[in-house]
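A.B. asks: Return a 3D structure for these sequence lines:
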Amino acid sequence: MKQSLFILLIIILASSCTNKDKYIVSGHIEGAEDKVLYLQRMDLNETVTLDSVKLKSGDFTFKQDRLTEPTFLLLKLSPNNYITLLADSTETIVVNAEANNLETSYQLRNSIGSVYIQMFNKRIRKLNKELNTLVAKYKSTSEKDVETRKKLEEEYTQKLEEHKAFVGEFIMENHMSFAGYYALFQNLDDNTAVMDVFNKKDQVYFSTLATSLNLYFPESERAGHLYNYVLSAKAQQQRQKFAAELIDSKASESGYVDIEAPNLEGDTIKLSSLEGKTIIVNFWASWDEKSIAANRHLKKMYSKYKNKGLAVYSVSLDKSKVLWENAIQKEGYEWVDVSDLKYTSSYPARLYNIRQVPANYIISPKGEIIGKDLFGNMLADKLNDIL
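C.D. replies: From the prediction side, this is the model:
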């Protein structure tokens, strides 16, 4: 009897020591009988399946080797039905959820990082719902009702800024948490990034978290990625500032600076692809009534001169792809129209030192800048002289 108890004690101690070198994800998925549940690790450039189990009663337990740094995991039933976790070290995470919608039904225990991820996902779902409602109201409001449209735009911006402020405050108070990294790279429903590394206010949060994570997790690939991402953005801003100053001071004697951005289909279009023609580089925004008015006149000019060598490279300073696309379709623009959807932080706009819209540059077939901010009759007279 004593020998049996001794052996049992050794087994228990060995098991205890083994568990200290493991992290555990366990719990229950209601309504998931006979379905396969996957545990996956989200690396920087790929998702790796670590384990899977066919659920019988809905209960599951995954055990994996101790984590050397906070790591993003997925509990997944299907490509569109999953839970995102942020596990650390040897945590024992308990998850209970309903199979029909894991993301909105799950409850957590024993993982503060995963709780933060759940919080940010709830907030982004709420934000998307509110913004989509505002966009729908905007689209259904008459163009003549300028005041209502303006209020809707202001409310849209306010809700976006409130979310950004929440993310920023979280990062400042939790600058060692990878949950902040997750929040920095969340997108809206139209795939627009919420936080913009080129935005002066947002960049403070990117920089703060990048510096902290790189200090505390110097071997982390994800921390290194964020750090280099911020450095690259700052270097790009310096190059843009130099180019903008060059254009602003020597526009009449220097050639244009090439720019590129995606169109509605996501294809990257370069300004230089129109070389050999007289090009109007047109900066506008769907939310700006003056831009829409200027574009209507430009549309007449384009129709008149497009067969005589006129091309338009239009850059939108929008932040919502839905509103940008709606304006293009409604107004019937047939020229090249691009946007990086970064609003006033638009890369092409900064490159050409655009301080307000509408704005434009005219580039000759030889690549020389021969006009700037010409509208109405002045633009018509200039194009008549050239073409």
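A.B. asks: From residue 116, how far off is residue 235?
C.D. replies: Residue 235 sits 31 Å away from residue 116 when distances are taken as Cβ to Cβ, to the nearest Å. C-beta: built from backbone N, CA, C; applies to glycine.
A.B. asks: So residue 93 versus residue 54, what's the distance?
C.D. replies: Counting by Cβ to Cβ, the separation of residue 93 from residue 54 is 21 Å.
A.B. asks: of the two, who's got more company?
C.D. replies: Neighbours were counted for residue 93 and for residue 54 using other Cβ atoms under 10 Å; residue 93 has more, 22 against 11.
A.B. asks: can I assume that one sits in a strand?
C.D. replies: Yes - counting by DSSP: H, G, I helix; E, B strand; the rest coil, residue 93 is found in a strand.
A.B. asks: so what's it up against?
C.D. replies: For residue 93, the contact set (Cβ atoms under 8 Å, 6 or more residues apart in numbering) comprises 23, 24, 25, 26, 27, 85, 87, 108, 109, 110, 111, 114.
A.B. asks: could you flag which of those are buried?
C.D. replies: 23, 24, 25, 26, 27, 85, 87, 108, 111, 114 (16 or more other Cβ atoms under 10 Å).
A.B. asks: tell me the SS of the second one?
C.D. replies: Read that as residue 24. Per three-state DSSP, the local secondary structure of residue 24 is strand.
A.B. asks: now it, which residues is it bridged with?
C.D. replies: With DSSP bridges as the criterion, residue 24 is bridged to residue 63, residue 92.
A.B. asks: does it really touch residue 63, like I thought?
C.D. replies: Yes - Residue 24 lies in contact with residue 63 (Cβ atoms under 8 Å); the separation is 5.3 Å.
A.B. asks: for this structure, what spans make up the helices?
C.D. replies: Assigned by DSSP state H, the helices in the chain fall at 2-20, 102-105, 112-140, 146-173, 178-184, 200-216, 221-250, 289-305, 321-331, 347-351, 376-386.
A.B. asks: which one of those has the most crowded surroundings?
C.D. replies: Using mean count of other Cβ atoms under 10 Å, the stretch among the helices of the chain with the largest mean neighbour count is helix 178-184, at a mean of 24.
A.B. asks: Report all helices and strands that that helix contacts.
C.D. replies: Secondary structure elements in contact with helix 178-184, counted by 3 or more Cβ pairs under 8 Å, 6 or more residues apart in numbering; DSSP states H and E, are strand 81-87, helix 112-140, helix 146-173, helix 200-216, helix 221-250.
A.B. asks: Give me the contact list for it.
C.D. replies: 69-70, 72, 84, 86, 113, 116-117, 120, 167, 170-171, 174, 195, 205-206, 209, 213, 222, 226.
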